[in-house]
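Trainee: predicted model follows, preceded by the sequence.
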Amino acid sequence: QVQLVESGGGLVQPGGSLRLSCAASGFTLDYYAIGWFRQAPGKEREGVSCISSSDGSTYYADSVKGRFTISRDNAKNTVYLQMNSLKPEDTAVYYCATDCGVAGPYDYWGQGTQVTVSS
């Protein structure tokens, strides 16, 4: 089955950390830029981070810069999002997709993983 699957979300206290994974099956991630996006209730989808397919260059939204790190392990066909110093405003469903643009279109996208930052 061709799909992207996110995992690693959960409930964490402010200041805590989580590592999200975006694993591909049925196709190779190597050829794609991979974007992480998030959407909180009542808010529009927001681009969080992106990593290129070619040189590994990265992009971060200002709201997460210095706290989140995106990386890819092509051998594991997986992209990661390390999230540190989490804040309540980071609470959202996090998605990955095979493009960096918020509007898409995407060849593949995942079902999302919930991240809740709360004490």
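Mentor: Nice, I can see it.

Trainee: which residues are contacting the longest strand anywhere in the chain?
Mentor: Longest strand in the chain by number of residues (criterion: DSSP state E): strand 18-25. Residues outside strand 18-25 that contact it (CB atoms under 8 Å, 6 or more residues apart in numbering) are 1-10, 12, 34, 36, 76-83, 86, 94, 96, 108, 110, 113, 115. No exception for glycine: its C-beta is placed from N, CA and C like everyone else's.

Trainee: wait, residue 12 touches residue 114, no?
Mentor: No - counting by CB atoms under 8 Å, residue 12 sits too far from residue 114 to count as a contact (11.1 Å).

Trainee: report the contact partners of residue 5.
Mentor: Counting by CB under 8 Å, 6+ apart, residue 5 touches 22-23, 25, 110-111.

Trainee: please report phi then psi for it.
Mentor: phi -130, psi 120 (degrees, to the nearest 10).

Trainee: run through the bridge partners of it.
Mentor: When bridges are called by DSSP bridges, residue 5 pairs up with residue 23.

Trainee: count of residues packed around residue 20?
Mentor: 24 (other CB atoms under 10 Å).
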